[in-house]
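>>> Generate coordinates for the sequence data below:
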Amino acid sequence: MFYRFQSKEGTNTIHTHLEVTKVAGGIFDFCSDMSDEQDARARTLIERAAAKWPLRILHVLSDAGAPLRFSRLMERVEGISQKVLTQTLRSLESDGLIIRTLYPEVPPRVEYELTPLGRDLLMQVATLWRWIVERLGDFDARKAVKLTAMGV
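Numbering: from 1, shown residues only. Sure thing, here's the model as predicted:
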């Protein structure tokens, strides 16, 4: 399906089309058995995991291959503030994706590491991550077409 938008005579004309992607039937059948509470909880977890920092933190912890102290995480997660790192670590811990270990020393030492659940989530997300990385050229080409059509 094509659309044509034309302003006054002599201005840019934009041609675009509606893309329809058919999702394989039954792919979301598992959702039909969920209660409203389960659906809300699942959506909350998806939103929290897909926020700006959680996946990056999980990735850094995975790459480290060993528990990391807060200061090491701060160094490796570029651009994150101390406050946001603290909040995100608390959220990841409450969701069971990381373990926070406090050592009763002076000064206290705290380390963070992935749980099996966190490692499993990261493995699932890696598939999506790879798909996006492999198609960056497609996304860039689509953006370039749109910008060209707009006369930018």
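>>> The longest helix seen in the chain packs against which elements?
Longest helix in the chain by number of residues, with DSSP state H as the criterion: helix 116-134. Helix 116-134 sits against helix 54-64, with contacts defined as 3 or more C-beta pairs under 8 Å, 6 or more residues apart in numbering; DSSP states H and E. In this view, the C-beta of every residue, glycine as well, is placed from N, C-alpha and C.
>>> let's go with 10 Å and repeat that
Helices and strands touching helix 116-134, by 3 or more C-beta pairs under 10 Å, 6 or more residues apart in numbering; DSSP states H and E, are helix 36-49, helix 54-64, helix 82-94, strand 98-103, strand 109-114.
>>> Just put the ones you listed in TSV and tack on mean neighbour count, mean pLDDT and distance to residue 147.
Formatted as TSV, the helices and strands packed on helix 116-134 follow (neighbours: other C-beta atoms under 10 Å; pLDDT from 0 to 100; distance: least, C-beta to C-beta, whole Å):
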stretch	mean neighbour count	mean pLDDT	distance to residue 147
helix 36-49	11	91	30
helix 54-64	18	96	28
helix 82-94	15	97	32
strand 98-103	14	96	40
strand 109-114	18	96	40
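>>> ok, now which ones touch the residue nearest the centre of the chain?
A centroid search over the chain (C-alpha atoms, centre = their mean) returns residue 50, at 3.2 Å, as the residue closest to the centre. Counting by C-beta atoms under 10 Å, 6 or more residues apart in numbering, residue 50 touches 125, 128.
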